Structure formats: structure tokens, C-alpha cells
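with the sequence up front, the predicted model follows.
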Amino acid sequence: MTKKKVFVNSVLVLSSLLLATIVYQCKNPNVASDYSSPDVLATHFNGEEFVGSETCMECHADIYASHIATAHFKTSALADSTNIKGSFEEGSNILDIESTMFTMFEEEGSYYQHAEIKNRTKKTPPEKFDIVIGSGVRGQSFVTWKEDQLFQLQASYYTPSDTWVNSPGYPSYSIDRPIRDACIKCHVTFAKNKDFAGQGNTYDKKQIIYGIDCERCHRPAKKHVVHHRNNPEEVVAKYMMMNDTLSRQQRLDACAQCHSGSRGRILQGNSFTFLAGNNLDEYAQNFYSGSKEKPLDVHGNQYGLLAKSECFKQTATMDCATCHNPHKNQRGDRSFFNQKCMSCHSTAAVECKADASDLSEMANDCIACHMPTTPSQAMTVQLEGDSLETSFNIRTHLIGIYDKDQNTLK
Ligand code: HEC
Ligand code: HEC
Ligand code: HEC
Ligand code: HEC
Ligand code: HEC
Ligand code: HEC
Ligand code: HEC
């Protein structure tokens, strides 16, 4: 080869390399670096990082798509016209409690509650609906920012009556109720209170993850995402808590952190220190001991009630996922739930000794008789014009044989 040929060849090779690089860069602007380092939404106290369900979508598309339709995902969000259920139309935008009248109004795409204390001329400023709490199955409450502090609005929405109501537990005059960890811990994925113990109501606005997202049940997942993005050929999950390596109690605890009563007695860290995979009793307990039946309620104790049922006590593996697919909205899917009962009680007609005509009247709906809806003692609302408070009806998880008319255990 002549020197000239070598020179021409090297120029050709170099220029084609350059061209390839330019083409690659144009097609994938900065993708390589962003892709393997997704935005961190919040950092847990133990250093694990949350990246949000949108990053899961590319590899878990089906789960992502059904998860965003669940009550969990929708249980808190920034308020907007699509998620506030109450009406702002004149005539149905009023909440009138004894001493105060609240008017709900919209202005330039934002929503407000305006309190006017009767017999007083001094006006209070309107308060903005900043955050919605509750998917709206039974109702919603609303939260407002004052600087970096969170307060609950007095007006709540009650789905059965489709009206504004005085928030549960509020008096008949207007008050400012601070929102602390003890309230939002079950309605968001993560929040960072300025006061580590969670007693204050000042929050880092940038580190609140609304809705109950994947990472509340599967732990913060940045490392998992980065690893699998960099190793697309791997089919075994890495840097991810494996659900089937957990004990039954740990699997229950992942749900019980929000479904076993208020657990106000914090033993370690704060309300968000516990992560799925930990042992809940080492982190937070309920104040009551002994009789667990009485305080079990809406804000709820599905776990405590289920644990007292024969179905649970006489099987070694039953947990919440035996009957619930946590990624799907299954409310009202009777045939699905009946099948779950039948998977253990194979021929109900043989085992269930209920009266034949009663059974057909209930269309063999197992839960109508064995898990009846029961009025809550803790969650009540006062409807306008009613002297008595109305209870929220919640389905009991104390599976058993009930008195037909009284919903009491036989
Ligand atoms: C780049 C691809 C990729 C991304 C992004 C990804 N995963 Fe995974 N994930 C996998 C693979 C591969 C597996 C193993 C195969 C399987 O179980 O689907 C897996 C498995 C899992 C498992 C099952 C663990 C078990 O018990 O078997 C969970 C839970 C999980 N991922 C959660 C998440 C969450 C939450 C996110 C988003 C924050 C996420 N993944 C994002 C690739 C990914
Ligand atoms: C971070 C707290 C939290 C965790 C963890 C949690 N839940 Fe929930 N769950 C809630 C809240 C809050 C609601 C009410 C949502 C609403 O309607 O706004 C709810 C609602 C539900 C519902 C009713 C859904 C509907 O359509 O109305 C079911 C069923 C349920 N949870 C089961 C589970 C199971 C099973 C687990 C564990 C795999 C679990 N939850 C984990 C807080 C939690
Ligand atoms: C220990 C967990 C927990 C705490 C703390 C908690 N909630 Fe809930 N909340 C739930 C669960 C679980 C439900 C669903 C009712 C059920 O099925 O038992 C619920 C339901 C609701 C609903 C009705 C949602 C719907 O779609 O029907 C509203 C509104 C609500 N909570 C607001 C609040 C407010 C406001 C606070 C704080 C003052 C609070 N919750 C504290 C767990 C909790
Ligand atoms: C309320 C808690 C909860 C939420 C929220 C949740 N998961 Fe799960 N997930 C579970 C539980 C519990 C299991 C184990 C189910 C079982 O044992 O049948 C599971 C199983 C899985 C699995 C492995 C089994 C399968 O079905 O493929 C993957 C992958 C997964 N989840 C990904 C996700 C992703 C991605 C999201 C968010 C888009 C998410 N999960 C949201 C509780 C949850
Ligand atoms: C994982 C298996 C399993 C599932 C799922 C299950 N059960 Fe059971 N159930 C049992 C066992 C075991 C017993 C105790 C032995 C017996 O009475 O048959 C029991 C007992 C019962 C009893 C008698 C309770 C008592 O106090 O005497 C009723 C009623 C019952 N189950 C109804 C249901 C209904 C309704 C469902 C669905 C919502 C259901 N079971 C789901 C296993 C299960
Ligand atoms: C034996 C089956 C079974 C098991 C196990 C089970 N559930 Fe349920 N759960 C049901 C059925 C059936 C419903 C009613 C669904 C409907 O209304 O369509 C229900 C409803 C719920 C609701 C909504 C209650 C309401 O009235 O709004 C919550 C919350 C819930 N379950 C949480 C849990 C949790 C947490 C666990 C584990 C501690 C659990 N469930 C275990 C069968 C079960
Ligand atoms: C109309 C109400 C009703 C419906 C619907 C119903 N049951 Fe029952 N079930 C009863 C009554 C009442 C008993 C108690 C009968 C007795 O022992 O006198 C009972 C008893 C049982 C028992 C306990 C049997 C024993 O030997 O202790 C089981 C298990 C059971 N039912 C399962 C089911 C399942 C599964 C379904 C749905 C396929 C179902 N039931 C639907 C009312 C009902």
C-alpha cells in the first residue's frame, strides 16, 4: 500500500465514524445519560430513591395501565377541574353550618372555598383547593397550602348525597385543622415533614408524591430501573424486593400499614420510615391492645378484622392478595370475588347451609351474607336538614355467619 492509499483509507474510516456518531447523536439526543438516570422525585430517609410509576411503564405496561385506574392511585392529587367531585355551580356551591357560610367558587382555573362568619363584617380571604384527598368512592376532603403549611378545608364532599358537607369530626363553627403525617401517611406515597417526627404541618413541597404509587408497595425503585434499562436482556428482577420471599406477616404488613387502624404509636422514625418488607409491629402500633374488635373501623381495620376470621385462622397462606389484585380496580366485580370464596369452599351449595330461597334471592352473592356492609362508628357526616349523623357503610372483613337482618355475628 502506498502512503497515499493509507492516507485516503484512514480519512474514509475516520469520516464514516464521524458520520455515524453524528447520526447516532441526532437520533438519540442525550438519551444515553437521561435514560439511565431517571429523575428522582423524592429520597427516603434510608437513601433509597423514588422515581414514580411513569418510569415503570415501558417494562410493566399492563400493570401501569390498570394501576392508574385504581382508588389507590387516585386517592390524592393536585386539585383540578377533573378530580374535584363537588359542584361549583351557583345554587349547589354552598355549605351552611350554624355560624358560618362557605361558598365554593372557580376563578381562572383555580378553585376556592370562601368562609363568611355570620354576624361579622370582617371578611376572611378565600382558601384555595390545592390537594384532593379521596378518589371519591365515598367522599373527598381538600387541603390548602398556606406558605409551606398544610391545612384541611372545612368543606368536604360526600358522594352518596352529592353535596358539600362539614368535614367529618368538625364542629359547627369554622376552624383551621393542620394536616400532619398522621393524616396523609395513608393517602400519599411519600411526604417529608420539616419536623422529622411528623408533628408539624410544614412540608417540603417538592418531595410529596401524590397517590399511592407502585413504590409505596414495592419500595423506592431507582436502582431497579437503572439496572434494567442498562441490561435489557436480563429477565430476572434485580434490586427489587421479591414479594414471594416475604413472610405471610410481612406481606400482610405491606397493606396493614394503612389498613389496620391509625397506628399512632410510632416506635421508630416517623410515619414514613416503615417500608414494605419490614415488620410493621417494630415501627408502629395501635394504642389499644386487648379487645381489637371495638376500635376497628373505616379508617379502617380490614387487617384486624380479617385476622379474626376462620378463613384466615384456618389457612396458612391467606393474605390480602388472595382476594385482591392490587393493580386493578375490582370494586363491584361480584363474580370475581365469589370465585375467590369458591376456590376454597369448592361447592358452596354443599357447604353453605343457608336457606335455598335466601341463597337464590342473593344471587349466591357470598359476601352479601358473609361480609355484609356495616356502618362505621368513626366516619360520620352531618347532612343539611338531618338531625342525626349519617355513617359511612364499609364492608366488614370479619368473614362469618351473620344474623340475616341485624348484621350482627350469630
Ligand atoms: C427497563 C425495564 C424495567 C423498568 C423500567 C422497571 N422494571 Fe420492574 N422488572 C423488570 C424485569 C425484567 C423484571 C423481571 C421480570 C418480571 O417479573 O416482569 C421486573 C420485575 C419487577 C417486579 C417483580 C418482583 C417479584 O416479586 O418478582 C416488581 C415488583 C417490579 N419489577 C417493580 C417495578 C417498578 C415499581 C418499576 C418502576 C418504578 C419498575 N419495576 C421498572 C424490568 C423493569
Ligand atoms: C399508603 C397506604 C395504603 C397502602 C400501603 C395500601 N392501601 Fe389500600 N387503600 C388505601 C386508601 C387511602 C384507600 C382509599 C382510597 C380512596 O378511595 O381514596 C384504599 C383502598 C383500598 C381498597 C378499595 C379500593 C376501591 O376500589 O375502593 C382495597 C381493596 C385496598 N385498598 C386493598 C389494599 C391492599 C390489598 C393493599 C396491599 C397490597 C393495600 N390496599 C395497601 C391506603 C393504602
Ligand atoms: C391509617 C390510614 C389512614 C389515615 C391516617 C387516614 N385515612 Fe383516610 N382512608 C383510609 C382508608 C383505608 C380509606 C378507605 C375506607 C375503607 O375502605 O376503609 C380512607 C378513606 C378516606 C376518604 C374517602 C375516600 C373515598 O374515595 O371514598 C377520605 C376523604 C379520607 N379518607 C380522608 C382522610 C383525611 C382527611 C385524613 C386525615 C385527617 C385521613 N383520611 C387519614 C386510610 C386512612
Ligand atoms: C397497593 C400495593 C401495590 C401497588 C400500588 C402496586 N403493586 Fe405491584 N404488587 C403488589 C403485590 C402485593 C404483589 C404480589 C401479588 C401476588 O402475590 O399475587 C405485586 C406484584 C407485582 C409484580 C409481579 C407480579 C406480576 O403481577 O407481574 C410486578 C411486576 C409489579 N407488582 C409491579 C408494579 C408496578 C409497576 C406498579 C405501579 C404501576 C405496582 N406494582 C403497584 C402490590 C402493589
Ligand atoms: C384460602 C382459603 C379460603 C378462602 C379464599 C375463603 N375461605 Fe372461608 N374458610 C376457609 C376455612 C379453612 C374455613 C374454616 C373451615 C370451615 O368452616 O369450612 C373457612 C370458614 C368460613 C366460614 C365459616 C365461618 C365461621 O365463623 O364459622 C364462612 C361463612 C366462610 N368461610 C365464607 C367465606 C367467604 C364468603 C369467602 C369469600 C369472600 C371465603 N370464605 C374465602 C378458607 C377460605
Ligand atoms: C376472602 C377474600 C378477601 C380477603 C382475604 C381480603 N379482602 Fe378486602 N374485600 C373483599 C371483598 C369481597 C370486598 C368487597 C369488594 C366490593 O365492594 O366490590 C373487599 C373490599 C375491601 C376494601 C374496600 C372496603 C369498602 O367497603 O370500601 C378494602 C379497603 C379492602 N377490601 C382491603 C383489604 C385488605 C387490606 C385485606 C388484607 C388485610 C383484604 N382486603 C383481604 C374480599 C377480601
Ligand atoms: C343468603 C345468605 C347467604 C349467601 C348468599 C351465602 N351464604 Fe353461606 N351461609 C349462610 C348462612 C345463614 C349460613 C349458616 C347456616 C347454618 O349453619 O345454619 C352459611 C354458612 C356458610 C358456611 C359455613 C358452613 C359450615 O359448615 O360451617 C360457609 C363456608 C359458607 N356459608 C360459604 C358460602 C359461600 C362460599 C357462598 C357464596 C358462593 C355463600 N356462603 C353464600 C348464608 C349465606
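Right, received. Where do you want to start? Ligands and ions are numbered 1, 2, ... in the order given.

who touches stretch 108-124?
Residues outside stretch 108-124 that contact it (Cβ atoms under 8 Å, 6 or more residues apart in numbering) are 79-81, 84, 88, 99-106, 126-129, 142, 144, 153-155, 174. Just so you know, the C-beta spots here come from the backbone N, C-alpha and C atoms, and that holds for glycine as well.

what's the PyMOL line that selects buried ones from the residues you listed?
Typed into PyMOL, the line below selects the buried ones among these, using 16 or more other Cβ atoms under 10 Å:
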select buried, resi 79+84+88+100+102+103+104+126+127+128+129+142+144+153+154+155+174
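
contact residues of the stretch 201-350 of the chain facing ligand 5?
The stretch 201-350 of the chain comes close to ligand 5 at residues Glu310, Cys311, Gln314, Thr315, Met318, Thr322, Phe337, Lys340, Cys341, Ser343, Cys344, His345, as judged by Cβ under 6 Å from any ligand atom.

just the CA trace of the helix or strand hosting the second one, in CSV.
Spelled out, that is Cys311. If you go by DSSP states H and E, Cys311 is part of helix 310-313. Extracted as CSV, the C-alpha positions of helix 310-313 are listed here (Å, rounded to 0.1, in the frame of the first residue of the first chain):
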residue,chain,number,x,y,z
GLU,A,310,-61.9,-18.6,60.5
CYS,A,311,-60.9,-18.4,56.8
PHE,A,312,-57.7,-16.7,57.9
LYS,A,313,-57.0,-18.6,61.1
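
buried residues in it?
Applying 16+ other Cβ under 10 Å to helix 310-313 flags Cys311, Phe312 as buried.

can you check stretch 140-156 too?
Under the neighbour-count criterion of 16+ other Cβ under 10 Å, stretch 140-156 has Gln140, Ser141, Phe142, Val143, Thr144, Leu150, Phe151, Gln152, Leu153, Gln154, Ala155, Ser156 buried.

swap in stretch 315-327?
For stretch 315-327, the buried set under the neighbour-count rule, 16+ other Cβ under 10 Å, comprises Met318, Asp319, Cys320, Cys323, Pro326, His327.

residues touching the last one, list them.
Contacts for His327 were tallied using Cβ under 8 Å, 6+ apart; they are Ile63, Ser66, His67, Thr70.

quick one: which of the residues you listed is most hemmed in?
His67 (22 neighbours; other Cβ atoms under 10 Å).

before we move on, the earlier item: inside strands: which ones of the buried residues of stretch 315-327?
Of the buried residues of stretch 315-327, none are assigned to strands by DSSP state E.

pLDDT (mean, whole number) over stretch 393-403?
Averaged across stretch 393-403, the pLDDT comes to 89.

do that stretch and ligand 7 meet?
Yes: counting by Cβ under 6 Å from any ligand atom, ligand 7 has neighbours in stretch 393-403: Ile401.

Lys192 - how many residues pack around it?
Neighbour tally, Lys192, other Cβ under 10 Å: 20.

the stretch 1-150 of the chain: helices as residue ranges?
3-27, 31-35, 61-67, 71-74 (DSSP state H, counting those that start in this stretch).

tell me the one of the buried residues of stretch 315-327 nearest Arg216?
Set against Arg216, the nearest of the buried residues of stretch 315-327 by Cβ to Cβ is Pro326 (10.5 Å).

ok, that closest one - contacts?
Going by Cβ under 8 Å, 6+ apart, Pro326 touches Thr70, His72, Cys217, Cys255, Cys320.

can you pull out the low-pLDDT segments for the stretch 1-150 of the chain?
Scanning the stretch 1-150 of the chain for pLDDT under 70 picks out 1-33.

please enumerate the strands of the stretch 1-150 of the chain.
Here the stretch 1-150 of the chain has its strands, by DSSP state E, counting those that start in this stretch, at 42-43, 49-50, 76-78, 94-97, 100-107, 110-117, 127-128, 131-133, 139-146, 149-152.

buried residues, the fourth one. List them.
Looking back up the chat, that one is strand 94-97. For strand 94-97, the neighbour count (16+ other Cβ under 10 Å) marks Leu95, Ile97 as buried.

and that strand, what does it pack onto?
Judged by 3 or more Cβ pairs under 8 Å, 6 or more residues apart in numbering; DSSP states H and E, the packing partners of strand 94-97 are strand 100-107, strand 163-166.

so how far is Phe129 from the nearest residue to Ser81 once chain neighbours are set aside?
Excluding its sequence neighbours, the residue lying closest to Ser81 (Cβ to Cβ, 6 or more residues apart in numbering) is Gly109, at 7.3 Å. Look at Gly109 and Phe129: by Cβ to Cβ, to the nearest Å, they are 11 Å apart.

with Asn286 instead?
Taking Cβ to Cβ as the measure, Asn286 and Phe129 are separated by 32 Å.

before we move on, what about Ile117?
To Phe129, Ile117 is 20 Å away according to Cβ to Cβ.

that older thread, ok, the buried residues of stretch 315-327 vs Ser376, which is closest?
Of all those, Ser376 sits closest to Cys320, with 19.6 Å by Cβ to Cβ.

thinking again about what came up before, can you list the strands of the stretch 1-150 of the chain in a markdown table and add distance to ligand 6?
Shown next, in a markdown table, are these (distance: least, Cβ to the nearest ligand atom, whole Å):
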| stretch | distance to ligand 6 |
| --- | --- |
| strand 42-43 | 24 |
| strand 49-50 | 22 |
| strand 76-78 | 16 |
| strand 94-97 | 25 |
| strand 100-107 | 26 |
| strand 110-117 | 26 |
| strand 127-128 | 29 |
| strand 131-133 | 15 |
| strand 139-146 | 12 |
| strand 149-152 | 21 |
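
low-confidence ranges, the stretch 301-410 of the chain, go.
Confidence mapping of the stretch 301-410 of the chain against pLDDT under 70 gives the ranges 347-354, 356-363, 377-389, 405-407, 410.

how about the residues of the stretch 51-200 of the chain by ligand 3?
Neighbours of ligand 3 within the stretch 51-200 of the chain, by Cβ under 6 Å from any ligand atom: 71, 133-141, 152, 182-183, 185-187.
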